[in-house]
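Visitor: Sharing a sequence plus its predicted fold:
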Amino acid sequence: MRLTWPGACAALLMAVTGTAPADATPPLAAEHLSVEQLPARSPHWAYLFDFSFNNETDGRVYLYDGDKHRMLGQFEVGYYPNLAISPDHQTTAIATTYWSRGGHGTRTDVLEFEDNTSLTLRGEMLLSAKKAQSGAVSNFNVSYSADGRFLYVTNLTPAASFSIIDVAKNAVLSEVDTDACVLVVPSAQRRVSSLCENGRLLTVTHDDNGKETARSVSKPFFNVDKDPIFVQSVGTPTGVIHVSFLGDIYEIDLSGTEPRFVEPWAMTGPKERGQWRPGGQQVVAYQPHSGRLYVPMHHGGEGTHKVGGSQIWVFDAKTHRRIARWPVDAAKYGGVFSVLATQDDHPLLFAATENSALLVMDAMTGKLLHVEAKLGQTLWSMMNP
Amino acid sequence: MRLTWPGACAALLMAVTGTAPADATPPLAAEHLSVEQLPARSPHWAYLFDFSFNNETDGRVYLYDGDKHRMLGQFEVGYYPNLAISPDHQTTAIATTYWSRGGHGTRTDVLEFEDNTSLTLRGEMLLSAKKAQSGAVSNFNVSYSADGRFLYVTNLTPAASFSIIDVAKNAVLSEVDTDACVLVVPSAQRRVSSLCENGRLLTVTHDDNGKETARSVSKPFFNVDKDPIFVQSVGTPTGVIHVSFLGDIYEIDLSGTEPRFVEPWAMTGPKERGQWRPGGQQVVAYQPHSGRLYVPMHHGGEGTHKVGGSQIWVFDAKTHRRIARWPVDAAKYGGVFSVLATQDDHPLLFAATENSALLVMDAMTGKLLHVEAKLGQTLWSMMNP
Amino acid sequence: MQQRLDRLVELASRGLARRTSRRGLLGAFGMVLTGTALLPLLPVSRGARAEAAEPATAGATPKAPSKAASDPNACEYWKYCAIDGFLCSCCGGTSSTCPPGTQPSPITWIGTCHNPVDGRDYIVSYNDCCGKTSCGSCMCNRNEGEKPMYRLSLNNDVNWCMANDNPNYHCSVSVILGVANK
Amino acid sequence: MQQRLDRLVELASRGLARRTSRRGLLGAFGMVLTGTALLPLLPVSRGARAEAAEPATAGATPKAPSKAASDPNACEYWKYCAIDGFLCSCCGGTSSTCPPGTQPSPITWIGTCHNPVDGRDYIVSYNDCCGKTSCGSCMCNRNEGEKPMYRLSLNNDVNWCMANDNPNYHCSVSVILGVANK
């Protein structure tokens, strides 16, 4: 339903009421009720995912303008959703769960396609009731292939697999058994990599019909028992970067025919190691123009890997040099739970806190530009448009 | 699904691990995971309705023990629900709205029956998509007939009507056009009264098949323009009591063949009138054993009728004598938005605040017995078991 | 003149409230709505100022306009004098436009708000924007001249999205219709 | 002895993780679950204490038990050493029972928590209670020995209600299974 209060209406009303006021200034003009249209996409927008943990069936995404410091709109993403933005930025894919009666009744798992240009629902596709449900919001629980043709959706029942979806055909092509490995990190056009429980990487290749054509398993590249890596990784032009509980950086180059594991390096000096740790939810951001990494860090011991940061540490991803330690007023805003850098050459850094505050910072200087004291209920992750 | 971790399991595990610790005290026994059963109903229980205004599709009711100061359980009540507890206390009737996809997709209005003894859903009945949706939570948007045979459900589309439901048959018998009047206040066995826009009371009588057999409209008994009454009234043994914006008490005796309008009386003295006003959501409680009325009052002007109380005023409903003015620390807890008195002879008074705090007070002395600083999101009304 | 308007809209409203047979109202309603000239169907609030019968503690003397009274993101904004809900200006809309992807409510109520800047009273239409779960930002609860649900045409408790395809309440706007007669 | 248990449960777990064909796992799983003796299917956490490779700032020396460590309604309660969710003891249940009308999760993970009162380590089962929307009270986020989702058997981020008829997550309990071997 699209309605506009026509000027005719106000005019008619004016005619009825007459024009009385003896004020010198002219009266305000009648307004026309209409619906806002989104302006052209800005690199300084962010999609803020509110898990709504106290009301989990009502997950939502807020579209936020980092320059104008205002909400642009929102859409619903349901229960324990997994989200991905399409390579052409036009669509958000939402793998989620609904019930026929709020949180009870018949369960429906569904892949919904939100039109990012109008914030309306473009369509949906039914899924079997297997969608992975995790409060650890990874960028790679759902992902698009680089050409946007395929979507990969992680399943966990707790058996682990992923579904390959043909976007144009709006159809599930296949389900690939991952032998207990999770995440769907896309590379090349037809390859998907997953993290395995023993610290290995599984890489599955498929054909245009979604049929698995090859799989390989790497040697262990990290020690799950001694220093596990967070699943909340960040994509880079050549692959992904993971952070470990103790603050080591694991970069995986997925641009070749086989995954290449870059030698891990430590964010901490010997005296800091084990004292200062990454923690929170979205624990690493990457800024391609400056080549910088951003990690929320806190002072704490084992088991504190979900504690938000009191500082944001900034590194040069190439030289491994620590550029800065930006303090955050964690007592005031809550510790930094999640970080996101915009992808342009005048980048912003968004920091979401444990209190669901949103800090907007200059990603080059660390200057705090704006604070939303409370945005939604539980702001757990953010995505770029 | 009902599961109990069997003792066998723990025993087996113990056998595997052996018994090692050299501590002097015996180790703690293995526990058995089971599901709590509700104890027998206590008059000091309250059903606390959380509208979840920031996440409206996830309305819920918390069952709270006013003696033990703890939650007993909860159930889901959906979007803009209207609630009523059956005369035998066994059931909560929930007239509500769901969608096939969270807050979108196909809309379903439904009457659900929650088993109050187990906090499980006993059944449901589909309604047409007309259910009244109001944030003003009245005790009489849905009601049971005194014998529990019929349920009355207010509709508003915005055309006003109510549906008559035969509970045993699980069927809608009829829909009664109320000529723009709202609420369903039951009396005798087959009579329903509604408030009309011009300050009159409509009373409809129906037969066992839900067919309207008579209707009468009273003379105006209050002045809608000068001093409207809140829709959030409270039931008494003989009818209902309403509070007006300026603090007058309107009692309607529905025990006879025609409604009898008791002469209104003022809670305020001449100097207080217009300065001190009732305000909030559930603005009046009645305690039958003591014959007391409780009203949250605040200092404010016109348009402040939704401001929570900084005091609770206590009256003898018969003599109209003001028994007490109990101050509430509104700065600390938020103003009192809703009040509920238990119906026994050692009564408690529950006060829910604008901050969704719950205060438990001795209804005779006003002594603050317990505070839940934050219970849910937006605690808007309460019901007795 | 004000009386003439009240009377006119009141007549419309009474007709509306009476045409409540199951088939009747929404059909007729829908017809009006699909027309191009959309006259507000529900009565005009007489406004806080007209409630002379009711003593006001805040005092009726005009105050200097506060800063918040001029800020469309503030609950104190003059146009919001009887909004009880989330301000659309915090949700991707403005004080008079709905956020992207929502639908305005075709039914609504209209009231009178005093603009302290030019000293005029304006007739405004309070519409809800619908079809998405609640915005949750900028909760605003003001009730000048607001009446309980039985005076539906002056009530802001009911969900004015009730007649929308998707009646989910998202946020509220206040749209200037014109200057109110003194 | 501890190693024997680890090995035993690990074998079960690996079998479980591998039997992941679309038909396979949940069928076999369901069979186990409907049996009367319900052995935890997922590996035992080696516990925070065993992570010697990882330096701890909080210090490994035993502390005097705090009051909160003995209060089942407090997040600091000793049994809750790796619960990330709402405590069922605030939701109508106890530290080891689900609230009325909910269903326990049949799948879960088990870990080791240190009881400062008797100085023992206990093996506990972290179960979720399911089938109602989130309780919302007593949020507790502790993660001693917790691992990311790829080590599923030691992870508390996933919704352990996932295999329930109604997988809505309501709250979490911690059930003593027995004393852990030193």
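Guide: Happy to help now that I have it. Residues are numbered from 1 along each chain as shown, chains lettered A, B, ... in the order given.
Visitor: what's the span of stretch A:303-316 from first residue to last?
Guide: Distance between the boundary residues of stretch A:303-316 (Cα to Cα, to the nearest Å) amounts to 27 Å.
Visitor: in that stretch, what's buried?
Guide: By 16 or more other Cβ atoms under 10 Å in any protein chain shown, the buried positions in stretch A:303-316 come out as A:303-315. (Each C-beta comes from the backbone N, C-alpha and C, glycine too.)
Visitor: pLDDT averaged over it, what's the number?
Guide: The average pLDDT within stretch A:303-316 is 98.
Visitor: what about the strand or helix carrying residue C:112, near chain A?
Guide: Remark: residue C:112 resides in strand C:109-115, with elements defined by DSSP states H and E. Yes - using Cβ under 8 Å from any Cβ of the partner chain, we find that strand C:109-115 touches chain A at residue C:115.
Visitor: what stretches of the chain score poorly on pLDDT?
Guide: Here I'm looking at chain A. Counting by pLDDT under 70, chain A contains low-confidence ranges at A:1-23.
Visitor: that answer is for a different chain, and I need it for chain C
Guide: Along chain C, segments meeting pLDDT under 70 span C:1-65, C:182.
Visitor: any idea where the strands of it begin and end?
Guide: C:84-86, C:97-98, C:103-104, C:109-115, C:120-130, C:139-141, C:169-179 (DSSP state E).
Visitor: What's the separation between the residue nearest to residue A:141 when sequence neighbours are not counted and chain D?
Guide: Of all residues beyond its chain neighbours, the one nearest residue A:141 is residue A:82 (3.7 Å), with distances taken as Cβ to Cβ, 6 or more residues apart in numbering or on different chains. Noted for residue A:82: a distance of 12 Å to chain D, by Cβ to the nearest Cβ, to the nearest Å.
Visitor: and after the one helix or strand residue A:82 maps to, which helix or strand comes next?
Guide: Residue A:82 is located in strand A:70-85, with elements delineated by DSSP H and E. Note on strand A:70-85: by DSSP H and E, the next helix or strand toward the C-terminus is strand A:91-101.
Visitor: does that following strand come close to chain C?
Guide: No - on the criterion Cβ under 8 Å from any Cβ, strand A:91-101 is out of touch with chain C, staying 12.2 Å away.
Visitor: Report the angle between that strand and strand A:70-85.
Guide: Going by axes from the mean of the first three to the mean of the last three Cα atoms, to 10 degrees, strand A:91-101 is angled at 90 degrees with respect to strand A:70-85.
Visitor: Report all helices and strands that strand A:91-101 contacts.
Guide: Counting by 3 or more Cβ pairs under 8 Å, 6 or more residues apart in numbering or on different chains; DSSP states H and E, the packing neighbours recorded for strand A:91-101 are strand A:70-85, strand A:104-115, strand A:142-144, strand B:91-101, strand B:104-115.
Visitor: Those strands into JSON lines, with extra columns for mean neighbour count?
Guide: What follows is the helices and strands packed on strand A:91-101, written out as JSON lines (neighbours: other Cβ atoms under 10 Å in any protein chain shown):
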{"stretch": "strand A:70-85", "mean neighbour count": "24"}
{"stretch": "strand A:104-115", "mean neighbour count": "19"}
{"stretch": "strand A:142-144", "mean neighbour count": "24"}
{"stretch": "strand B:91-101", "mean neighbour count": "23"}
{"stretch": "strand B:104-115", "mean neighbour count": "19"}
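Visitor: I'd like the distance from whichever residue of chain C sits closest to chain D to residue A:58, if you could.
Guide: Residue of chain C nearest chain D, by Cβ to the nearest Cβ: residue C:133 (13.9 Å). The spacing between residue C:133 and residue A:58, counted by Cβ to Cβ, to the nearest Å, is 6 Å.
Visitor: angle of the strand holding residue C:112 against strand C:169-179?
Guide: Counting by the same axes, to 10 degrees, strand C:109-115 lies at 60 degrees to strand C:169-179.
Visitor: Packing partners of strand C:109-115?
Guide: strand C:120-130.
Visitor: Does the strand it packs on reach chain B?
Guide: No - shown here: strand C:120-130 not in contact with chain B (Cβ under 8 Å from any Cβ), separated by at least 10.4 Å.
Visitor: I'd like to know which elements that strand is packed against.
Guide: In terms of contacts (3+ Cβ pairs under 8 Å, 6+ apart), strand C:120-130 is packed against strand C:103-104, strand C:109-115, strand C:169-179.
Visitor: Figure out how far stretch A:162-174 is from the centre of its chain.
Guide: Distance of stretch A:162-174 from the chain centroid (Cα atoms, centre = their mean, to the nearest Å) equals 22 Å.
Visitor: same check, this time on stretch A:52-70
Guide: On the basis of Cα atoms, centre = their mean, stretch A:52-70 sits 11 Å off its chain's mean C-alpha point.
Visitor: any residue of that stretch up close to chain D?
Guide: Yes - counting by Cβ under 8 Å from any Cβ, contacts between stretch A:52-70 and chain D involve A:53-57.
Visitor: Kindly present those residues as CSV, with separate columns for secondary structure, distance to residue B:334 and neighbour count.
Guide: Shown next, in CSV, are the residues of stretch A:52-70 next to chain D (DSSP: H, G, I helix; E, B strand; the rest coil; distance: Cβ to Cβ, whole Å; neighbours: other Cβ atoms under 10 Å in any protein chain shown):
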residue, secondary structure, distance to residue B:334, neighbour count
A:53, helix, 23, 18
A:54, helix, 18, 22
A:55, helix, 20, 27
A:56, helix, 26, 25
A:57, helix, 27, 26
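Visitor: burial measure for the closest residue to residue C:147 other than its chain neighbours, as a count.
Guide: Nearest non-adjacent residue to residue C:147, counting by Cβ to Cβ, 6+ apart: residue C:154, 3.9 Å away. Counted with other Cβ atoms under 10 Å in any protein chain shown, the neighbours of residue C:154 add up to 24.
Visitor: these two touch, right, residue C:154 and residue C:146?
Guide: Yes - under the criterion of Cβ atoms under 8 Å, residue C:154 lies in contact with residue C:146, with a separation of 6.3 Å.
Visitor: Give the residues shared as contacts by the two.
Guide: Both residue C:154 and residue C:146 are in contact with residue C:111, where contact means Cβ atoms under 8 Å, 6 or more residues apart in numbering or on different chains.
Visitor: Helices of chain A, start to end?
Guide: A:7-17, A:330-333 (DSSP state H).
Visitor: Residue A:199 contacts residue A:222, correct?
Guide: Yes - shown here, residue A:199 and residue A:222 form a contact pair, counting by Cβ under 8 Å, at 4.8 Å.
Visitor: Now do the same contact list for whichever residue of the stretch 101-250 of chain A sits closest to chain C.
Guide: Going by Cβ to the nearest Cβ, chain C is nearest to residue A:119 of the stretch 101-250 of chain A, at 3.4 Å. By Cβ under 8 Å, 6+ apart, residue A:119 lies in contact with A:38, A:63, A:73-75, C:92, C:99-101.
Visitor: Over to the closest residue to residue A:154 other than its chain neighbours: give its phi and psi.
Guide: Spatial nearest neighbour of residue A:154, chain neighbours left out: residue A:132 (4.2 Å); criterion: Cβ to Cβ, 6+ apart. Backbone torsions of residue A:132, given as degrees, to the nearest 10, read phi -60, psi 140.
Visitor: Now do residue A:177 against residue A:155, distance only.
Guide: Applying Cβ to Cβ to residue A:177 and residue A:155 gives a distance of 10 Å.
Visitor: residues shared between the contacts of these two?
Guide: Shared contacts of residue A:177 and residue A:155, defined by Cβ under 8 Å, 6+ apart, comprise residue A:161.
Visitor: now, which of the contacts of residue A:119 sits nearest chain B?
Guide: residue A:75 (9.3 Å).
Visitor: Might one say that the closest one is in contact with residue A:114?
Guide: Yes - counting by Cβ under 8 Å, residue A:75 touches residue A:114, with 5.1 Å between them.
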